[in-house]
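In: okay, structure incoming, though there's no sequence with it:
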DNA sequence: TTGATGCTTCGGCGCCGGCCGAACCATTGA
DNA sequence: TCAATGGTTCGGCCGGCGCCGAAGCATCAA
């Protein structure tokens, strides 16, 4: 393959209106589901599926399966840079994030919910962000985190049962789980479950019946502020 | 026109093999005749004519009639930049272990070439690295550099025409341009052009015919060592 | 289990656009 | 003026690819 052909193949991928529409949506830097991208581009799921796999093949996108959903995001900042420089030629700039309709539909679920056995939504992200920001949590490999020494102390002070969490040796300790509403990773795995358990045990949060939705109590709201430095 | 359509239209123009071939040839920053471009792309003159007028219409190319000939060149350095950033993506297609065939096949192009009107490849990177390492060049914002006081002196000593470079006020002075073969930024903008001009004027480098490839002369190799402290 | 949902694969249709031959226009040189 | 050369316009052919319906697989909820 020549340099020229490589150029034309990459450009041709971006040159289809449907694919360009998907790339534009993904310029917000977050991950979107295949159906989200299909709907946004105004095409059927099966057509979108073909487009998406071609772009993954060409290393424009990265895919990650989670449950029944498949999330796609831009493969690298270089891809975003190339798209931006093409948009610059057209005299336009990248559009900021545009929220999907589904995103607005369920504000409570979006705010806080359980994802299996750990916290997700804005609260789950707030906890995750707080831990990384304070240096308690750091990346370990592409899909995991690990607690730092200060993180161990912090969890102990909070009453998070790290001993039991570590005993579940067959399970990932601190896995990155992609949050569908926030489109960013939150903590899952044994640590995520232990943290969620702490929230329920200390009365910071309550499960709603027959729903994944979780209600943050007043004391929970205060705890987020005092322990995590977060206001939600 | 939406930004999405603008993106796809520009990308689609670059996405045709024949047009991509023309754009690649024009990446040398020089003007080429229509028949030259047609022959290089392996198509007939009438087909090329259609492609060329479409690219002029889209402001990718600028045309100038001269006698019976019609010369085409890239419309702006922004076009060159967009093409270069697409080529950077094309380099990531295969598995990281094996570079693309084109990458292996074209060692001279990788070593030194023009990117529109400035130097790219290993030599372009060596110059850029030398300037930053010696404190002559420092980052200014996310995508630009600026010359330090010592950098001004250094350029004067070298014979780089900074006055003319600064006069082109509509143009970025020292822009970061992502090098597709080295995967790191080199100097573009008015300063990049002035430096390249110095290399050609002092006989340190020579353009090869009908190619973006640049040959470093023996004196150029010595100059890289003495002035820039680089061995290539 | 059963049904619902998300995603993919397969097959066939339709059309957009790249291609060239032929003809035409413009500039040059004699 | 006439031929030669470079470039463009027009018309028609045809292949590639974007599209969807149908069907199939995987996951989740009850």
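Out: Looks like it arrived, so ask away. Everything numeric here is computed off the predicted structure, so don't read it as measured data.
In: where does residue A:197 land on pLDDT?
Out: Here the pLDDT value assigned to residue A:197 is 90.
In: what about residue A:89, distance to chain B?
Out: Distance, residue A:89 to chain B, by C-beta to the nearest C-beta, to the nearest Å: 5 Å. Where you see a C-beta, it was placed from the backbone N, CA and C, and this is true even at glycine.
In: typo on my end, it should be residue A:221
Out: Counting by C-beta to the nearest C-beta, the gap from residue A:221 to chain B is 37 Å.
In: what about that residue, which helix or strand?
Out: helix A:218-228 (DSSP states H and E).
In: neighbouring contacts of that helix?
Out: Helix A:218-228 is contacted from outside by A:123, A:126-127, A:130-131, A:158, A:199, A:202-205, A:216, A:230-232, using C-beta atoms under 8 Å, 6 or more residues apart in numbering or on different chains.
In: the strands in chain A, which residues?
Out: Secondary structure of chain A by DSSP state E: the strands cover A:32-33, A:61-66, A:69-74, A:113-115, A:118-120, A:137-140, A:144-147, A:175-178, A:185-188, A:205-207, A:214-216.
In: gap between the fourth one and the chain center?
Out: It stands for strand A:113-115. 13 Å (C-alpha atoms, centre = their mean, to the nearest Å).
In: and the contacts of it?
Out: A:119-121, A:124, A:177, A:179, A:186, A:188, A:196, A:207, A:212-214.
In: quick revisit: in ChimeraX, how would I select just the buried ones from the contacts of helix A:218-228?
Out: Applying 16 or more other C-beta atoms under 10 Å in any protein chain shown to the contacts of helix A:218-228 leaves a buried subset, and the ChimeraX line that selects it is:
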select /A:123,126,127,130,131,158,199,204,205,216,230,232
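In: DNA strand C: which of the contacts of helix A:218-228 is nearest?
Out: Nearest to DNA strand C among those is residue A:123, at 23.1 Å by C-beta to the nearest atom of the strand.
In: spatially nearest residue to that closest one (excluding sequence neighbours)?
Out: Excluding the flanking residues, the one nearest residue A:123 by C-beta to C-beta, 6 or more residues apart in numbering or on different chains is residue A:112, at 4.0 Å.
In: check contacts around the one you found.
Out: Residue A:112 sits next to A:119, A:120, A:121, A:122, A:123, A:124, A:205, A:213, A:214, A:215, A:216 when contact means C-beta under 8 Å, 6+ apart.
In: could you chop chain A up by domain?
Out: Listed by automatic domain parsing, the domain ranges of chain A are A:3-103, A:107-228.
In: out of the ones you listed, which comes closest to residue B:61?
Out: Checking the domains of chain A against residue B:61 by C-beta to C-beta gives domain A:3-103 as the closest, at 11.7 Å.
In: lowest-confidence helix or strand of chain A?
Out: helix A:101-105 (a mean of 43; mean pLDDT, DSSP states H and E).
In: now residue A:15. Its backbone dihedrals?
Out: In terms of degrees, to the nearest 10, the main-chain angles of residue A:15 are phi -80, psi -10.
In: next to DNA strand C, which bits of chain A? Give me the list.
Out: Contact residues (C-beta under 7 Å from any atom of the strand) of chain A with DNA strand C: A:33-36, A:38, A:45-46, A:48-50, A:52-53, A:63, A:68-70.
In: could you work out the most separated pair of those?
Out: Largest separation among those by C-beta to C-beta: A:50 and A:68, giving 19.1 Å.
In: comparing the two, which shows the higher neighbour count?
Out: residue A:50 (12 against 6; other C-beta atoms under 10 Å in any protein chain shown).
In: per-residue confidence for the more buried one?
Out: Among the per-residue scores, residue A:50 holds a pLDDT of 95.
In: so how many other residues sit close to residue A:73?
Out: There are 18 residues near residue A:73, going by other C-beta under 10 Å.
In: one more: residue A:135?
Out: Neighbourhood size, residue A:135 [other C-beta under 10 Å]: 12.
In: what's it sitting at in phi/psi?
Out: phi 80, psi 20.
In: in this structure it contacts residue A:147, no?
Out: No: using C-beta atoms under 8 Å, residue A:135 is not in contact with residue A:147; the gap is 10.5 Å.
In: the closest residue to residue A:23 other than its chain neighbours and DNA strand C, how far apart?
Out: Nearest residue to residue A:23 in three dimensions, chain neighbours excluded: residue A:83, at 5.8 Å (C-beta to C-beta, 6+ apart). To DNA strand C, residue A:83 is 20 Å away according to C-beta to the nearest atom of the strand, to the nearest Å.
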